[in-house]
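Novice: this one's structure only:
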């Protein structure tokens, strides 16, 4: 089957005195039958190209879901006299949310069976289940389109009946005041999808009578509402990528919100309440954040007193407050550590994790009075694990470890942390894992993952899915490039705005290091990234296509210039702090120099699989569609180039716990096909 050839319709785009020609701009017309026809033709072509691996694709899917425990249950957590958990039943795609009053031997109450909600829908996602203080009312958000515009529902847990009132176009989240009838929720602009309005609703009243309590005017900010762990305050937070602002009101009498500390450019802070103090993590004169405290009636920063000072080599990620102890999750030398500080005598110690490459995070801890810290732990070889740690006795209890069905043994695999020298003298960490016994002779197939944006650190987590590659002799590696913050905020800031090309250069330097270190070679090396990581793949494909056998770009942000010039699109204005505003000449010129779509050239590219979702709210489907069309028209090689558009989903892919892996099986089958592996 011949590949589809998209029609060229000339479109001139002029900005900053420069005119670009976009022949595929028409693919933005979501309701145009020609667009649908083209996307479906691309899907048919993808199936044609992959037809000789259809059996292997099915085998991969069965392998992947075969490792998942069918009848499974989460570890219960206690909140306000109830134990909450969710469970899965054999063969079903979605969770069942449950609780038990008093103890775990009492009768189960089913709060929500998402499998029933999903009937008749090709996509179903439930978010933000929230319970009123008297334990009687529940709210939840439901999205059946995958556009991340949620409808909020309310349910009486005594009668089991839904309220007549529903709230559309929201984030799905509800915050309950302590009177069990007043709720606050956040609505989105239906065009830009920016969360910008906070409303107050009284159960029993009409939606038309709801009061707008806050509107976020700054188009670069979004807003949300939540209740503090102490349940004393309801807070509205406005945040951009580099700044934040909190407002508070009394949760018992939520009338007027008062600004905690007015927003300032490049000042990010978070707050927590405990007894007669607020605790603030802030980057005010502290790039990697420090911890401050202040009295309840003196909240502006001139009143803050330092609890934990700033350190250039340690990033404060989050805190958890207990009556007897303060827990601080910090990142040092690229790894998370848990620092535990006794309130009374200020004695402190650290949790020992004992592996070279791992990740850990604070889990659900609702109870101030508990002596147990609940945290999660994982590594490239250790399945996801949930622990309780006694803050007083230092006893550690493993509550649950992810069960991998089949002949999996953690000791059969080896994980390492390597450091690649960058061209400007930095050391870029690489986390990698492979099955013990393979020869590191440069002949191993290797999949290199990268992201590098928003200060997001890609953690070296365990994946049972990944075993399908590792057991076939693949090495899996993560390049912790700049733009993430594995080394703190400086690592992030050195990979954004006018430093963005460091992200791409780091990935290329990691690639060359892995080749020179005999882990792989260009004939067996695959690049992978999604969303902003898809931008990384797109940029690298233009810069050094010779280094890779194949590439996978999942929901890739590749039409950076056109998107960032359109402030009517979702996310655009809020992204100025990350990429720059191209209405300014310096950012226009810089973005144009790396934007993957604008830099496609007549050259040999690797084999490429590009994935997208028609309802994607983050990266619109037309970006990868246009990119593939332009690549196919311009590139000089005959390597496979295929586009798969899931017509039923958005940015996060399929919603079911099994269904999502059909796309993974396609990706892995593509890698095996290009590698010539038929097992």
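Specialist: On my side now, so go ahead. Predicted model only: the values in this text are computed from it and were never measured.
Novice: quick one, strands of the stretch 401-550 of the chain?
Specialist: 413-421, 427-435, 446-450, 475-479, 525-530, 550-554 (DSSP state E, counting those that start in this stretch).
Novice: Need the single longest strand in this structure, by residues.
Specialist: Taking DSSP state E as the criterion, the chain has its longest strand at strand 162-176.
Novice: which is the next helix or strand following the strand or helix carrying residue 623?
Specialist: Element membership for residue 623, per DSSP states H and E: helix 622-634. Later in the chain than helix 622-634, the nearest helix or strand by DSSP H and E is strand 641-646.
Novice: angle of that following strand against helix 622-634?
Specialist: With axes from the mean of the first three to the mean of the last three Cα atoms, to 10 degrees as the basis, strand 641-646 and helix 622-634 are set at 160 degrees to each other.
Novice: on that earlier part again, out of the strands of the stretch 401-550 of the chain, which is closest to residue 32?
Specialist: strand 550-554 (23.9 Å; Cβ to Cβ). Yep, even glycine has a C-beta here, placed from its N, CA and C like the rest.
Novice: Quick check: closest non-adjacent residue to the most centrally placed residue in the chain.
Specialist: Most central in the chain under Cα atoms, centre = their mean is residue 456, positioned 8.2 Å from the mean C-alpha point. Distances taken as Cβ to Cβ, 6 or more residues apart in numbering place residue 484 nearest to residue 456, at 5.7 Å, with adjacent residues excluded.
Novice: returning to what we had before: want to throw the strands of the stretch 401-550 of the chain into TSV with mean neighbour count and mean pLDDT?
Specialist: TSV is the format used below for these (neighbours: other Cβ atoms under 10 Å; pLDDT from 0 to 100):
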stretch	mean neighbour count	mean pLDDT
strand 413-421	18	97
strand 427-435	21	98
strand 446-450	25	98
strand 475-479	26	98
strand 525-530	25	98
strand 550-554	26	98
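Novice: and residue 362, bridged to which residues?
Specialist: residue 375 (DSSP bridges).
Novice: and it, what does it touch?
Specialist: 318, 320, 327, 329, 338, 373-375 (Cβ atoms under 8 Å, 6 or more residues apart in numbering).
Novice: Repeat the analysis, applying 6 Å as the threshold.
Specialist: By Cβ atoms under 6 Å, 6 or more residues apart in numbering, residue 362 lies in contact with 320, 329, 375.
Novice: again with residue 95
Specialist: Neighbours of residue 95 in contact, by Cβ under 6 Å, 6+ apart: 86, 88, 114.
Novice: just checking, the second one touches residue 73?
Specialist: No: Residue 88 sits out of contact with residue 73 when judged by Cβ atoms under 6 Å, with a separation of 7.5 Å.
Novice: Which residue ranges of the stretch 1-150 of the chain form helices?
Specialist: 33-49, 54-66, 114-117 (DSSP state H, counting those that start in this stretch).
Novice: Can you say which of those is nearest to residue 467?
Specialist: From these, taking Cβ to Cβ, the stretch that ends up closest is helix 54-66, at 8.0 Å.
Novice: Which strands and helices lie in contact with that closest one?
Specialist: Where contact means 3 or more Cβ pairs under 6 Å, 6 or more residues apart in numbering; DSSP states H and E, helix 54-66 is packed against helix 661-675.
Novice: and the angle for the helix it packs on with strand 446-450?
Specialist: 130 degrees.
Novice: re the thing from before, any idea what the residue nearest to residue 456 is bridged to?
Specialist: Applying DSSP bridges, one finds that residue 484 bridges with residue 482.
Novice: List the residues that contact it.
Specialist: By Cβ under 6 Å, 6+ apart, the contact list for residue 484 reads 452, 456-457.
Novice: any idea how far it lies from residue 497?
Specialist: Computed as Cβ to Cβ, to the nearest Å, the residue 484 to residue 497 distance reads 15 Å.
Novice: just residue 239 next, same as before
Specialist: If you go by Cβ to Cβ, the gap between residue 239 and residue 497 works out to 18 Å.
Novice: Settle it for me: which of the two has more neighbours?
Specialist: Counted by other Cβ atoms under 10 Å, residue 239 and residue 497 do not tie: residue 239 has more neighbours, with 21 against 17.
Novice: pLDDT value on the residue of the chain positioned farthest from its centre, please?
Specialist: In the chain, the residue that sits farthest from the middle, by Cα atoms, centre = their mean, is residue 345; the gap is 38.3 Å. Turning to residue 345, the model gives it a pLDDT of 90.
Novice: Which strand or helix spans it?
Specialist: Residue-wise, residue 345 maps onto no helix or strand under DSSP H and E.
Novice: any idea how far it lies from residue 371?
Specialist: For residue 345 relative to residue 371 (Cβ to Cβ), the value is 16 Å.
Novice: Please apply the same query to residue 273.
Specialist: From residue 273 across to residue 371, the span is 20 Å (Cβ to Cβ).
Novice: again, but for residue 413
Specialist: 35 Å.
Novice: Let's have the strands of the stretch 401-550 of the chain in CSV, adding distance to residue 630.
Specialist: Formatted as CSV, the strands of the stretch 401-550 of the chain follow (distance: least, Cβ to Cβ, whole Å):
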stretch, distance to residue 630
strand 413-421, 31
strand 427-435, 30
strand 446-450, 22
strand 475-479, 26
strand 525-530, 19
strand 550-554, 14
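Novice: for those strands, which one sits closest to residue 128?
Specialist: Going by Cβ to Cβ, the one of the strands of the stretch 401-550 of the chain nearest residue 128 is strand 525-530, 23.7 Å.
Novice: if we can go back for a sec, closest to residue 68 among the contacts of residue 95?
Specialist: The closest of the contacts of residue 95, once distances to residue 68 are taken by Cβ to Cβ, is residue 88, at 8.8 Å.
Novice: who touches the closest one in this structure?
Specialist: So residue 88 contacts 72, 95 (Cβ under 6 Å, 6+ apart).
Novice: what's the answer for the one 10 residues further on, then?
Specialist: Residue 98 is in contact with 85, 108, 110, counting by Cβ under 6 Å, 6+ apart.
Novice: now with 8 Å?
Specialist: Contacts of residue 98 (Cβ under 8 Å, 6+ apart): 84-87, 108-111.
Novice: Check the residues you listed for burial and list the buried ones.
Specialist: By neighbour count, with 16 or more other Cβ atoms under 10 Å, the contacts of residue 98 hold 84-86, 111 as buried.
Novice: Make a markdown table from the helices of the stretch 1-150 of the chain and add mean pLDDT, distance to residue 503 and mean neighbour count to it.
Specialist: Formatted as a markdown table, those follow (pLDDT from 0 to 100; distance: least, Cβ to Cβ, whole Å; neighbours: other Cβ atoms under 10 Å):
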| stretch | mean pLDDT | distance to residue 503 | mean neighbour count |
| --- | --- | --- | --- |
| helix 33-49 | 98 | 28 | 16 |
| helix 54-66 | 97 | 30 | 17 |
| helix 114-117 | 96 | 37 | 16 |
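Novice: can you tell me which of the ones you listed comes nearest to residue 196?
Specialist: The nearest among these, by Cβ to Cβ, is helix 114-117 at 27.3 Å.
Novice: Could you report the pLDDT at the residue lying closest to residue 548 once chain neighbours are set aside?
Specialist: Of all residues not flanking residue 548 in the chain, residue 606 sits nearest, at 4.4 Å (Cβ to Cβ, 6+ apart). We note a pLDDT of 98 for residue 606 in this prediction.
Novice: Also the one 4 residues further on?
Specialist: On the pLDDT scale, residue 610 is placed at 98.
Novice: please begin residue numbering at 188 from this point
Specialist: Yep, numbering from 188; the last one is residue 797 now.
Novice: Any idea how far the one helix or strand it maps to is from the middle of the chain?
Specialist: For residue 797, the host element (DSSP H and E) is strand 794-800. Using Cα atoms, centre = their mean, to the nearest Å, the distance from the centre of strand 794-800 to the centre of the chain it belongs to is 19 Å.
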